[in-house]
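J.: Next one to model:
(chains A and B)
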Protein chains: 2
Amino acid sequence: MKKILNDPVHFVDEMLDGLYRAHPDQLAYAGDDPHCLVRADAPVEGKVALATGGGSGHLPVFLGYVGPGMLSGCAIGDVFQSPSADQMLEVTRRIHGGRGVLYIYGNYGGDVMNFDMATEMAEMEDIEVRTVLVRDDVASAVTERSDTRRGVAGMIFAFKVAGARADQGGSLDDVEAAALKALARTRTMGVALSSCTLPAAGTPTFEIGDGEMEIGMGIHGEKGVRRGPLESADQIAVELLDAVLAELDVTSGDRLAVMVNGLGATPPEELYILYRRVHRTLEDRGVAVHQAFVGEYATSLEMAGASLTVMKLDDELTGMLDHPARTPFFVQVGR
Amino acid sequence: MKKILNDPVHFVDEMLDGLYRAHPDQLAYAGDDPHCLVRADAPVEGKVALATGGGSGHLPVFLGYVGPGMLSGCAIGDVFQSPSADQMLEVTRRIHGGRGVLYIYGNYGGDVMNFDMATEMAEMEDIEVRTVLVRDDVASAVTERSDTRRGVAGMIFAFKVAGARADQGGSLDDVEAAALKALARTRTMGVALSSCTLPAAGTPTFEIGDGEMEIGMGIHGEKGVRRGPLESADQIAVELLDAVLAELDVTSGDRLAVMVNGLGATPPEELYILYRRVHRTLEDRGVAVHQAFVGEYATSLEMAGASLTVMKLDDELTGMLDHPARTPFFVQVGR
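T.: Below is the predicted model of the structure:
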């Protein structure tokens, strides 16, 4: 895969420079470090602040969701690498509006270690911090070991729901509870058709045959649940849907938010072909889709493939999903 | 390139089915033909209506821009194929709100022939129709033959500006003039790093070497102005910027809208690296960016590459650009 780059060493710094230049009214950074990204109007006094963080290479995850109604800030690492605890602390200081900070991020070792360290340091500065880990990827561990699962596109629903609760004036308890509730009812599974290539490596992260796909592959190329011949869009849609619904007790009359997310190189047309089968299957089962999100929400550089995320709604979650939000990559018009 | 497909013969029909299912509150179709896409609330009485059309494979172009503040409707053809005159007429009938219809579309032979035929048929039904052709791709012909140029991503600025003028209650003359003014001040040039693959063909449309790029290639793989070794992001940015500014008389103190558009497989991170160099170069020349659009706005299936579009603003165009719009793929929050 060919890339539009300068020196790969400066990939993240140049990307961030471009991002601040493109969105000067929406984004700023803390502590003289562009890796410490915050809302331009941070801190918002009197409201709970939300932070996330993780490696680069997943746009719009993570920093694309910073803005009113969603996240307050985000610490950015190098490609697929955790940011440092100091960077997380810098973000935390800058976004804290006096009512505490909630960390919501994917369950990856480096991120967990650094966020835990940042939490300790923040608490020494009398900033109350809570953590909600995102572990929505059903392919990354069996149900009995779901606490070890990785976090993928489902985190966007958690950002949206918790961000709404914070924007509505909820306490740290309320916002944490909202994130936990959203995630308890959210599951994701993906399929990869091609590898991504780290800019500094220059060669594909893994090999996959011309006629092959890998179901359940992670967004850094982590091993999936099975590799096999590339199937039809309808077969893939049904396999992913069955897997994400298996733990959610979805029955006739239920209402869902559904995300069909492109991993990078897969055109929107193909995502809509996948969505079609998902929607038809749900319709056949008497299940309604409250809102569909079809597009690139959490990518893995130029990987071809897609993931399906489902959140089972109730009235409370629906209200928080519908709450307006405005970030560089995600706008929810109030409904 | 591998695809998530069922039978390629049904690629467009299934994509459209998915699209209507994902956006039921925003989109509908006319004449029992899903290829005749219109705003869900069409016709809007008392306002000028805007239509476009063209082949599939370019999402969000064309149909992604149908909605309040932008287009009223869009006729969709097969992949890279023009829709029929009858389909354009069907859209025209359904969107006409009593004050005429403006067609804005890219300058491609099949589309021109069919839209001209649709115009004649509409006028026999007493619907007044005007046409504005988009010819923003500077690479597709020299300045002296600019009337033969192809239309590419610059059409989105024309949709936005003319759509605002229509939404503000402008007459057909006003809306046509707004589109013409926007396009007179808009230029685009692109670079391709890899080919796209038509679903029905299954093999790449053209060959390009591992270390090569083609400057000025069209969004269907039309020949560009030169092929050469893949250059750095900064070199590409400056070459594209110089080419689009050459005909726009941009000087210190001017204000632009800038779009860095991904053609399909190129990750957003790389688009921001390109944008960075564009913005820095403009800044050095004393030129301001009023709003930056960085992302996938007009694609060519899974082609890797990008295009740069610049629109030179004045107060009137700025006001129309800032006017709110809401479509499935494009939301402008009022500024």
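J.: Strands along the stretch 1-150 of chain A, start to end?
T.: A:27-29, A:36-39, A:49-56, A:73-79, A:101-106, A:129-134 (DSSP state E, counting those that start in this stretch).
J.: Where do the domain boundaries of chain A fall?
T.: A:8-184, A:186-314 (automatic domain parsing).
J.: do the shortest one and chain B meet at all?
T.: Yes: applying Cβ under 8 Å from any Cβ of the partner chain, one finds domain A:186-314 in contact with chain B at A:191, A:193-194, A:210-211, A:213, A:230, A:232-234, A:236, A:264-276, A:279-280, A:289, A:292, A:294-296, A:299, A:301-302, A:304-306. Just so you know, the C-beta spots here come from the backbone N, C-alpha and C atoms, and that holds for glycine as well.
J.: Give me the distance between the two termini of that domain.
T.: Start and end residues of domain A:186-314 are separated by 12 Å (Cα to Cα, to the nearest Å).
J.: starting at the chain centroid, how far to that domain?
T.: Taking Cα atoms, centre = their mean, to the nearest Å, one finds the center of domain A:186-314 at 14 Å from the center of the full chain.
J.: circling back: type out the PyMOL command that picks the buried ones from the residues of domain A:186-314 next to chain B.
T.: In PyMOL, this line selects whichever of these come out buried by 16 or more other Cβ atoms under 10 Å in any protein chain shown:
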select buried, chain A and resi 191+193+194+213+230+233+234+236+264+265+266+267+268+269+270+271+272+273+274+275+276+279+280+289+292+294+295+296+299+301+302+304+305+306
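J.: Of the residues of domain A:186-314 next to chain B, which belong to strands?
T.: Among those, DSSP state E puts A:191, A:213, A:289, A:292, A:294, A:295, A:305, A:306 in strands.
J.: Not counting residues beside it along the chain, what's closest to the second one?
T.: Which is residue A:213. residue A:230 (4.6 Å; Cβ to Cβ, 6 or more residues apart in numbering or on different chains).
J.: In this structure residue A:187 contacts residue A:151, no?
T.: No: in this structure residue A:187 lies outside contact range of residue A:151 using Cβ atoms under 8 Å: 11.7 Å.
J.: so how many other residues sit close to the residue in the stretch 1-150 of chain A positioned nearest to chain B?
T.: With Cβ to the nearest Cβ as the measure, residue A:18 is the residue of the stretch 1-150 of chain A nearest to chain B, at 3.4 Å. For residue A:18, the count of nearby residues is 28 (other Cβ atoms under 10 Å in any protein chain shown).
J.: mind listing what it touches?
T.: Residues near residue A:18 by Cβ atoms under 8 Å, 6 or more residues apart in numbering or on different chains: B:271, B:272, B:273, B:274, B:275, B:276, B:279, B:294.
J.: Report the angle between the strand or helix carrying residue A:259 and strand A:288-295.
T.: Per DSSP states H and E: residue A:259 is located in strand A:255-262. Angle of strand A:255-262 versus strand A:288-295, following axes from the mean of the first three to the mean of the last three Cα atoms, to 10 degrees, is 20 degrees.
J.: Can you add mean neighbour count, distance to residue A:316 and mean pLDDT and give the strands of the stretch 1-150 of chain A back as JSON lines?
T.: Shown next, in JSON lines, are the strands of the stretch 1-150 of chain A (neighbours: other Cβ atoms under 10 Å in any protein chain shown; distance: least, Cβ to Cβ, whole Å; pLDDT from 0 to 100):
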{"stretch": "strand A:27-29", "mean neighbour count": "22", "distance to residue A:316": "30", "mean pLDDT": "98"}
{"stretch": "strand A:36-39", "mean neighbour count": "26", "distance to residue A:316": "25", "mean pLDDT": "98"}
{"stretch": "strand A:49-56", "mean neighbour count": "27", "distance to residue A:316": "18", "mean pLDDT": "97"}
{"stretch": "strand A:73-79", "mean neighbour count": "26", "distance to residue A:316": "26", "mean pLDDT": "97"}
{"stretch": "strand A:101-106", "mean neighbour count": "27", "distance to residue A:316": "17", "mean pLDDT": "98"}
{"stretch": "strand A:129-134", "mean neighbour count": "21", "distance to residue A:316": "17", "mean pLDDT": "98"}
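J.: Among these, single out whichever gets nearest to residue B:166.
T.: With Cβ to Cβ, the closest approach to residue B:166 among the strands of the stretch 1-150 of chain A belongs to strand A:27-29: 32.3 Å.
J.: What strands line up against the closest one, and which way round?
T.: Partner strands for strand A:27-29, per DSSP bridges, with pairing direction: strand A:36-39 (antiparallel).
J.: related to what we said a few turns ago, out of the strands of the stretch 1-150 of chain A, which comes closest to residue B:88?
T.: strand A:27-29 (41.7 Å).
J.: Run through who's touching the closest one.
T.: So strand A:27-29 is contacted by A:19, A:20, A:35, A:36, A:37, A:38, A:39, A:40, A:42, A:63, A:66, A:328 (Cβ under 8 Å, 6+ apart).
J.: Make TSV from the residues you listed and add distance to residue A:6 to it.
T.: Shown next, in TSV, are the contacts of strand A:27-29 (distance: Cβ to Cβ, whole Å):
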residue	distance to residue A:6
A:19	15
A:20	17
A:35	18
A:36	23
A:37	21
A:38	26
A:39	29
A:40	27
A:42	30
A:63	20
A:66	25
A:328	22
